Structure formats: structure tokens, C-alpha cells
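Peer 1: Let me see the structure of the following:
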Amino acid sequence: MTQPVVILVRPQMGENIGAAARAMLNFGLTDLRLVAPRDGWPNPAAVAMASGAAGRVLDRARVFPTLAEAMTDIDHAYATTARGRELTKPVHTPAAAMEDARTRVAAGGRVALVFGPERAGLENDDVARANAIVTVPVNPDFPSLNLAQAVLLLGYEWGRDRLPAQP
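Peer 2: Alright, predicted model coming up:
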């Protein structure tokens with residue numbers, strides 16, 4: 001089964017890219033695309049934070065100047081955001097989004113999970129490129145997740161049906 005592509009849009013800190021790569025590999029995701037990383041690429045801080053995921057995820061990561069270019073082969077994209085948007089798109093929890101993604105991938109589709117920069121998340125133009133929005137039900141007084149935490153949540157939901165039943 002093909003896996004989702006993880007796209008980090010304008011990530012700001014190498015440490016967060018590395019932590020996201022580590023979270024990806026925990027659940028078997030290895031296809032990472034970076035859109036205009038602030039501190040350039042490759043980034044030694046990302047490698048240090050990635051631990052064992054450096055060789056299997058970061059070394060294969062591809063860098064793109066724009067989100068549109070990173071998505072040229074994508075059939076369906078899920079934009080992650082905690083902010084309300086004035087866009088008409090389906091909104092899913094991580095579990096519902098990954099159930100939908102598994103169905104699309106099984107039918108031969110190519111899907112992407114799109115995450116925004118650390119400071120403020122995806123811009124409306126980025127979200128507009130996606131087919132659906134993923135929002136994690138969290139404390140409404142503090143809906144902010146770290147980039148790697150968001151990647152981990154979606155990665156877990158993606159891989160949950162293939163993980164061992166018992167730890």
C-alpha cells in the first residue's frame with residue numbers, strides 16, 4: 001500500500017523538521033517534502049533531532065519552492081489547521097481523515113498531509129490547495145500543537161490498523 005506524503009510548508013526550525021521525521025518513521029511514513037524551509041536544507045539541527053530517522057526520512061526529503069510544486073502528483077490533500085476558516089471544505093478529525101486517506105490510497109490515489117509553519121500554521125492560500133481540513137479536537141482555550149505533535153497524531157491514525165495489537 002502506498003503511503004501518504006507529508007508536506008511541511010515553510011518550516012522554521014530544523015529541530016521541528018527532525019522531530020517530525022522521527023514521528024513519521026514511528027508509523028512507517030518516509031516520504032517527506034519540504035516547502036521553502038526557513039533555514040535552508042539540509043539542516044544539521046534536523047539530523048540531530050531525527051535520531052534514527054535521518055537516513056530513512058531526512059536523506060530522502062525533497063525541497064520545493066512552493067506548495068503547488070510539492071503537490072503536482074497529489075490527488076487528494078488534507079490541510080491541518082486549528083483555526084476556523086471561511087473555506088467550504090470538509091473538516092475531519094485525524095481518525096476520519098486517515099480512514100478516508102486509506103480508502104483513497106487503496107483505490108490508487110496519491111494523498112498528502114499538509115502541515116504549516118510553527119508560528120501561525122498554514123495560510124488560507126495553502127489551505128485552499130487542499131481538498132479537506134484536518135482539525136484535532138483539543139482544548140479550545142489552547143489549540144496549538146507543535147509541528148511534530150501534529151505529524152505524530154496523523155501518522156498514528158494512518159498506521160493504527162497496521163500496528164501490533166499489543167505493545
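
Peer 1: Look at the closest residue to Leu147 other than its chain neighbours and give its secondary structure.
Peer 2: With CB to CB, 6 or more residues apart in numbering as the criterion, Leu147 has its nearest non-adjacent residue at 4.4 Å, and that residue is Asn16. Using the backbone N, CA and C atoms, a C-beta is placed for each residue, glycine as well. For Asn16, the secondary-structure state derived from DSSP: H, G, I helix; E, B strand; the rest coil is helix.

Peer 1: my read: Asn16 touches Val151, true?
Peer 2: No: if you go by CB atoms under 8 Å, Asn16 and Val151 don't touch, sitting 9.2 Å apart.

Peer 1: what's around the nearest residue in space to Asp75 that is not next to it in sequence, how many residues?
Peer 2: Computed as CB to CB, 6+ apart, the closest residue to Asp75 that is not its neighbour in sequence is Gly109, at 4.2 Å. Gly109 has 13 neighbouring residues, counting by other CB atoms under 10 Å.

Peer 1: which residues does His76 contact?
Peer 2: Going by CB atoms under 8 Å, 6 or more residues apart in numbering, His76 touches 101, 104, 109-112, 131-132.

Peer 1: for Phe115, same thing?
Peer 2: 6-9, 20, 80, 122, 147, 150-151.

Peer 1: Inside helices: which ones of those?
Peer 2: 20, 147, 150-151 (DSSP state H).

Peer 1: ok so, going back, secondary structure class for the residue nearest to Asp75?
Peer 2: coil.

Peer 1: Could you pull up phi and psi at it?
Peer 2: As for Gly109, its main-chain torsions (degrees, to the nearest 10) stand at phi -80, psi 160.

Peer 1: and if you look at the one 4 residues further on?
Peer 2: Dihedral angles of Leu113 (phi, psi; degrees, to the nearest 10) stand at phi -110, psi 120.
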